[in-house]
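Student: coords please:
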Amino acid sequence: MTTTVPPAEATGVQASDDQAVRCRASLVDWIAATAPILLWMIHLTFEASFARHVDVHPSTEWLLHLGTVVTAVPTALCLLWSWRVVQRAGDRTHGRDEAGVEAEVEALEDDDGGDCSQLRFVGWLGVGIGAFNLLLILWEGSYVLFLGPRAF
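Tutor: The predicted structure follows:
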């Protein structure tokens, strides 16, 4: 069974309305942009709280490494998601289709007449926050490798 989608003229929805909605940052985009801050705070708290335990029981040092991996991987995924948001906003601004092929189309605009600037802002914000917090997580995780658990 197939369903057909009526053309935009038949539904009364303008094509520009659909384009404006696609230029807005979604909740997932905002979460990906800001979650690395929370992940870094979780990492810092976890490492600091388990440092004494690892000092008393050195065989559990792997817990500190696990804390680094468990927080670094989602941070890297948020960073990649935000980078994809930047690419998506740039593609829409420069008139590329979904496959990335240049097309003779108008640049998509948001409600204010901008060119997906909110989406681009959220993307670059997420890239900056994600990169900085990933660096912090890996830097703090390297303390365990090079200085041992007593570094905390």
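
Student: Let me know the distance separating the nearest residue to residue 67 once chain neighbours are set aside from residue 68.
Tutor: The shortest distance from residue 67 to any residue other than its chain neighbours is 4.4 Å, reached at residue 46 (C-beta to C-beta, 6 or more residues apart in numbering). (Glycine included, C-beta is placed from N, CA and C.) With distances defined as C-beta to C-beta, to the nearest Å, the gap from residue 46 to residue 68 amounts to 9 Å.

Student: low-scoring stretches of the protein, by residue?
Tutor: By pLDDT under 70, the low-scoring segments of the chain are 1-21, 91-115, 148-152.

Student: Just the buried residues of the longest helix along it, please?
Tutor: Selection of the longest helix in the chain by residue count, based on DSSP state H, yields helix 62-93. Applying a neighbour-count criterion of 16 or more other C-beta atoms under 10 Å, one finds 63-64, 67-68, 71-72, 74-76, 78-79, 81-83, 85-86, 88-89, 91-93 buried in helix 62-93.

Student: again with stretch 131-145
Tutor: With burial defined by 16+ other C-beta under 10 Å, the residues of stretch 131-145 counted as buried are 131, 133-134, 136-137, 140-141, 143-144.
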